[in-house]
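K.L.:
sequence-free structure coming up:
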Ligand SMILES: Nc1ncnc2c1ncn2[C@@H]1O[C@H](COP(=O)(O)OP(=O)(O)OP(=O)(O)O)[C@@H](O)[C@H]1O
Ligand SMILES: [Mg+2]
């Protein structure tokens with residue numbers, strides 16, 4: 001799927017958001033600057049709006065590894081960035097699997113922990129600066145098997 005503008009990222013993020021439930025895992029793969037945090041920002045802001053919550057600033061969790069958002073009505077989002085993690089067992093220290101069932105879990109740079117997930121939607125972001133072309137590919141497992149979206 002091609003992303004022609006920030007607005008396409010927004011629309012796509014909202015289409016994913018309406019399908020999300022607690023304990024879901026959305027894995028965001030792709031090189032630096034391909035749009036993973038941007039997608040997450042639109043997704044969380046959409047849920048904040050839908051739940052009549054004040055719009056918070058959605059910052060990249062690159063340095064603190066995880067950022068939590070309380071959206072009311074028992075809905076919470078955990079936004080992870082594993083970029084700085086070096087060993088798979090470090091994800092145990094950050095409590096990912098203790099808290100997963102109470103959150104919608106969104107993970108940038110999930111590669112270090114791919115073996116730990118069996119039910120997820122992986123979205124692969126690519127950006128070709130020469131053509132200024134951004135695109136997405138999907139890899140769904142479990143309930144996300146065969147996920148695709150009409151663009
Ligand atoms: N669909 C889009 N159209 C135009 N610009 C975009 C789009 N998506 C993202 N960008 C821009 O690309 C830049 C990098 O985006 P972003 O921070 O989301 O990347 P990232 O994949 O999270 O990077 P990192 O791996 O460093 O966390 C930002 O300036 C953002 O505004
Ligand atoms: Mg990012």
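P.N.:
That came through fine. Because the structure is predicted, anything quoted here is derived from the model rather than measured. Ligands and ions are numbered 1, 2, ... in the order given.

K.L.:
ok, is the top helix by length along the chain in contact with ligand 1 or not?
P.N.:
When the chain is parsed with DSSP state H, its longest helix is helix 36-50. Yes. Using C-beta under 6 Å from any ligand atom, we find that helix 36-50 touches ligand 1 at 36-38. C-betas here are computed from N, CA, C, even on glycine.

K.L.:
Let me know the average pLDDT across that helix.
P.N.:
Average pLDDT, helix 36-50: 97.

K.L.:
Next, count neighbours for the residue lying closest to residue 15 once chain neighbours are set aside.
P.N.:
Closest residue in space to residue 15, ignoring its immediate chain neighbours: residue 149 at 5.8 Å, by C-beta to C-beta, 6 or more residues apart in numbering. Residue 149 has 12 neighbours, counted by other C-beta atoms under 10 Å.

K.L.:
got the residues of helix 36-50 next to ligand 1 as TSV, with neighbour count columns?
P.N.:
Putting the residues of helix 36-50 next to ligand 1 into TSV (neighbours: other C-beta atoms under 10 Å) gives the following:
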residue	neighbour count
36	24
37	19
38	19
